Structure formats: C-alpha cells, structure tokens
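> How does the following fold in three dimensions:
(2 chains)
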Amino acid sequence: MTVALDSSLELHPQVAVRPEPFGALAYHYGNRRLIFLKHPDVVSVVKNLDQHATLADTLHACGVDPDRWSSFVSALSSLESSEIVRERATTR
Amino acid sequence: MSVQPLVEQLKGGLDAPICLTWELTYACNLQCVHCLSSSGQRDPRELSTAEAKHVLDELRDLQVFYINIGGGEPMVRRDFFDLVEYSVGNGIGVKFSTNGAFIDNDKARRLASMDYLDIQISLDGVDEATNDAVRGAGSYRMARTAMDELASAGFGPFKISVVVTRHNVAQLDEFKALADSYGAQLRVTRLRPAGRGADSWHELHPTLGQQRQIYDWLMANGENVLTGDSFFHLNALGDPLPGLNMCGAGRVVCLIDPIGDVYACPFVIHDEFRAGNVRDEGGFAKVWKESDLFRSLREPQSAGACASCGSYDACQGGCMAAKFFTGLPLDGPDPECVGGEGEHALQSVVPGSAPKPAMDHTKPVRLVRKPVSTS
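From the prediction side, this is the model:
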C-alpha cells in the first residue's frame, strides 16, 4: 500500500525514535520491529508528521525538495506497513 | 538515500547498542556442556539490586530499546521480577533466556501479565536423549513443562531457542514443528567455542557438510526463523541470509556480565575483549562510547589471510569469538569456513595453545552429596 500525499499521518504511539549518526533507529514496542531511518530528512519528517495536516504539508515544512517527494512517499509507505507510522484518527 | 551503505555506517558503531546482552548471574541449576559463560556458581561480586537498577537507569537514558537477559539462569536471582519490572517500567523491553526450571503455573501467569517481555526457552534436542546429552539430565522435561505452563497461562508466542550442533542439525524441521505446535517462534543460533563450549566445540560443532544443510534450511525458512544474525559465515555459500550479516561486537552489540564487566559480545568473555566495568567512573555509557577496545573494533578490520578469497565480502571472515577460542588468528578464516579453510587452519594450531575463557563458575564435583543450601 502506498500512502497518499494528502493523508494525515503520525508516529505510532508505541514507537521510540533514537537519533544515530546515519539518521535514527525506530523501535516498535508492540511488534518488536527495529527499523533504520537512513537519512536525517526522513527522521525530521517522521517526527513532524503530527504537526501538519497532511504528508505534503510536512514535506514542505521540512524543506524537502519536491523532486524527492516520491522517494519519501515510498519510504513512508514502507514505514506504515511496519506500523512505525499510522493514519491519524480523524474524529476529534 | 543514504550516502554510505547502512552496514558500513553500523560498522562505525552506534550511540548505544541495539543488542545488549546482560547476564544477571553466573548461578545456574544446569551445567550445559556448551555454556558460553561457564556458569554454575554465583559470583560474590555480582551486581546488587541497587547497582543493577542504576545500570537500567543508564540504559534508559541511552534509549536502549530492549535488553537480552541471560545468565546463568536469570530466574535464580531473587530480585529477578523486581529487575524485569523496573526495566519494562522504564521503557526498556526485556527478552530473557531461561532453561525453564522456575516457570511454574504462578510464574507463568505473572510473566504473561507483563508487556514488552519476551521469553526464550532453551532446547537443544527435540527428544530427551539429544537434548539432555548437552544440557543435562532432566533438562528436556524441564523445558517442555515450562512451555506447557506458558501456553496454558496464555503468554502468547514465546521463543524456543536452539543451539545448532552436529547432533540436532537433522532435527531442524522437527524443532520448527514443535514451535508451531505451541504457536511459538523458533530461534536457532550458532554454537560458539566460548566458556565450556571451548572444550566441547570440537565434538559438537556441525561438520562441513552440515554447514550446507543449515544454510539451505535457513534459506528455505527465511524470516520465519530467528537467528540472531549468527550464521553470516554461511553466506559464502550463495545468496545472503536475512539479517545485517556483519559482526556486531562492540559496534551494535555488547555484553554486561554478572559482575558488571563489559565485553564486546556474549561469546568473548576474556580479558582481551573486556572494555571496562559498569562500576567504573562514567558507568556503562563511558565504556560503550570511549573504551579503546570498542573504538578499535569500530575501525575498518583487515581481511588478512582472507583478502584473496572471493567470498570475503559475503562472509566477512566469520566470527571473531569462534576464531579466538579455537586458537586461530582474528584476521584469517573462521574455523567453520565453508570453503574448508578453517579446518585446514585448525590443523596448524598447537594443541593447548588456544586462549582459555577468563572465568569459570562451573560447580565443583562433589564426592559426597551435601544437603542443598538455599543461601
């Protein structure tokens, strides 16, 4: 599954992110998955998802060049399938 | 997107370990012939509850996600549950290895009620004869009883942890079936010549022909079987096995032993691989970040005698511990090199010249049976 640019995402509440020289490590306490976030830009996007209405807004706010957005969509899609990020609940 | 392949970056070390093994005690009710830590008797210098909690505080501050607790038999420690609950309460998940002796109905329920806790029950044969030959009389029953208790307490998917030897290679499918029957996960790891294993390795380690059998089996079973990334020396046989496929010692892995000594990995309890002690000024964090040993392990390693072999990129020269305790040079082939170079190299090791494990907590043989002390 591919996440859409207009989807509202957030870091899964059971996930901890630890900064590392290459980017960060993300660990999901529920499914015990350890994921490497291999670029500092991916780390800042992941950490800022809940500050913005949509993924596109987050990419824009993090200063990611639109040429790179497609690679971020695939990175975020893979993170969603590992449950590192998830769709934000809309009812509130 | 990364500038350098991830594995190359990991070789330079992480800010904190991913995989930290902490052996809580050298005391054990069993005397397995391949015990990595030569466990048996408690060491009087073992960390107190307060000291252990202080280490956990440090690990929390370093954002260590989980720890692998072992021993000895960790459940022998009277503060076992106290420490596990303290760890989990601080956001450090616990995976612990046990022979199962102390998992009765009550303990199984207590374990089942905890979050962020994984259990590995050690079993080295699918039948009593194969298992008990390595782990001691009664140990098969003990492990199976513990599995039954965990299953009936609704613990969920625990792990069955198998050290692969030449006597159980043929049982891999049966181990998998046993795990499946419990809804458990199978974990198979490589036999290392560490601890008492240094003495039993030559009789127990899989033969060259069996190495291929293990590789084929792991390739066929893929990600459904855990391996602790321990079989990367087999990658010279073909496509790489799942996992990072590198030696993590001092880079992403380390060991804290029961007396607080920090070693590069669980398989090298020897002064040459001791980086410091958690009781030293600066604690664990300083040892991890600044010890000369760990810094040197994070430098690019020489391929040495393996440099001219086309498989070096695949196997990385194998396991440092396996070489060290069989008396082989660290910059040469693994004793179980699938190209046969290890067997060849072992022939030139002078008998008795291999380094001896640093400590031995094996229980002395008693000629007269004494009443069991509970102290």
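> Can you name the residues of chain B that neighbour chain A?
B:1-2, B:4, B:6, B:9-10, B:12, B:14-16, B:18, B:63, B:65-66, B:91, B:93, B:115-116, B:118 (CB under 8 Å from any CB of the partner chain). In short, each C-beta sits where N, CA and C put it, glycine included.
> List the contacts of the closest residue to B:Cys309 other than its chain neighbours.
Leaving aside its sequence neighbours, B:Cys309 sits nearest to B:Gly339 (CB to CB, 6 or more residues apart in numbering or on different chains; 6.8 Å). B:Gly339 makes contact with B:236, B:309, B:311, B:333 under the criterion CB atoms under 8 Å, 6 or more residues apart in numbering or on different chains.
> what's near enough to touch the one residue sitting closest to the centre of chain A?
With distances taken as CA atoms, centre = their mean, A:Val46 lies nearest the centre of chain A, 3.3 Å away. By CB under 8 Å, 6+ apart, the residues touching A:Val46 are A:11, A:17, A:24, A:26, A:37, A:76, A:79, A:84-85.
> Now do the same contact list for the closest residue to B:Arg298 other than its chain neighbours.
In this structure, B:Arg298 finds its nearest non-sequential neighbour in B:Gly13, 4.1 Å apart by CB to CB, 6+ apart. Going by CB under 8 Å, 6+ apart, B:Gly13 touches B:250-252, B:294, B:297-298.
> Am I right that B:Gly13 falls within a helix?
No. Counting by DSSP: H, G, I helix; E, B strand; the rest coil, one finds B:Gly13 to be coil, located in no helix.
> and B:Lys176, what element?
For B:Lys176, the host element (DSSP states H and E) is helix B:172-182.
> ugh, typo on my part, it should be A:Tyr27
With DSSP H and E as the criterion, A:Tyr27 is inside strand A:23-28.
> quick check, the very next helix or strand once past that strand touching chain B?
Sequence-wise, the next helix or strand downstream of strand A:23-28 (DSSP H and E) is strand A:34-37. Yes. When contact is scored as CB under 8 Å from any CB, part of strand A:34-37 falls within range of chain B: A:34, A:36.
> Strand A:34-37 pairs with which strands?
According to DSSP bridges, strand A:34-37 forms sheet pairs with strand A:23-28 (antiparallel).
> which residues are in contact with the strand it pairs with?
For strand A:23-28, contacts defined as CB under 8 Å, 6+ apart pick out A:12, A:14-18, A:33-40, A:42-43, A:46, A:79, A:82-84, B:2, B:14, B:18, B:65-66.
> where's B:Lys107 relative to B:Ala153, distance?
9 Å (CB to CB, to the nearest Å).
> pLDDT weak spots in chain B?
By pLDDT under 70, the low-scoring segments of chain B are B:1-4, B:366-375.
> swap the cut-off to 50 and go again
B:1-2 (pLDDT under 50).
> for it, what spans make up the strands?
According to DSSP state E, chain B carries its strands in the segments B:19-23, B:66-70, B:93-98, B:117-122, B:159-164, B:185-190, B:253-256, B:261-263, B:274-277.
> want to throw those strands into a markdown table with mean neighbour count?
Output for these, formatted as a markdown table (neighbours: other CB atoms under 10 Å in any protein chain shown):
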| stretch | mean neighbour count |
| --- | --- |
| strand B:19-23 | 24 |
| strand B:66-70 | 23 |
| strand B:93-98 | 21 |
| strand B:117-122 | 23 |
| strand B:159-164 | 23 |
| strand B:185-190 | 21 |
| strand B:253-256 | 26 |
| strand B:261-263 | 25 |
| strand B:274-277 | 20 |
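> got the residues of chain A near chain B?
Residues of chain A lying near chain B (CB under 8 Å from any CB): A:16, A:18-23, A:25, A:27, A:29, A:32, A:34, A:36, A:38-39, A:41-42, A:71, A:75.
> Which helix or strand lies directly C-terminal to the longest helix out of those in chain A?
For chain A, the longest helix by residue count, based on DSSP state H, is helix A:69-81. Sequence order places strand A:85-87 as the next helix or strand after helix A:69-81, per DSSP H and E.
> Sheet-wise, list the partners of that following strand with their directions.
When DSSP bridges is applied, strand A:85-87 pairs with strand A:9-11 (antiparallel).
> okay but B:Phe80 is in contact with B:Thr49, surely?
No. The pair B:Phe80 / B:Thr49 is not scored as a contact, 10.2 Å apart, by CB atoms under 8 Å.
> out of the two, which sits in the more crowded spot?
More neighbours surround B:Phe80 than the other of B:Phe80 and B:Thr49, with 20 against 13 (other CB atoms under 10 Å in any protein chain shown).
> Quickly note the distance from that one to B:Leu150.
For B:Phe80, the distance to B:Leu150 - CB to CB - is 16 Å.
> And A:His52, by the same measure?
44 Å.
> neighbour-wise, which of those two wins?
A direct count of neighbours by other CB under 10 Å for A:His52 and B:Leu150 places B:Leu150 higher, at 24 against 17.
> the helices in the stretch 251-375 of chain B, which residues?
B:283-290, B:292-297, B:312-315, B:320-325, B:341-346 (DSSP state H, counting those that start in this stretch).
> list the helices and strands the first one packs on?
Spelled out, it's helix B:283-290. Contact here means 3 or more CB pairs under 8 Å, 6 or more residues apart in numbering or on different chains; DSSP states H and E; on that basis helix B:283-290 packs against helix B:49-61, strand B:261-263, strand B:274-277.
> Which parts of that helix count as buried, going by neighbours?
For helix B:283-290, burial by neighbour count (16 or more other CB atoms under 10 Å in any protein chain shown) applies to B:283-284, B:287-288.
> Between those residues, which sits nearest chain A?
Of all the buried residues of helix B:283-290, the one sitting nearest chain A is B:Trp288; the distance, using CB to the nearest CB, is 13.3 Å.
> can you pull the contacts of the closest one?
B:16-17, B:62, B:254, B:262, B:275, B:294.
> Looking at the residues you listed, spot the one nearest B:Ile269.
B:Val262 (10.9 Å; CB to CB).
> Might you report the residue contacts of B:Val253?
So B:Val253 contacts B:17-21, B:264-266 (CB under 8 Å, 6+ apart).
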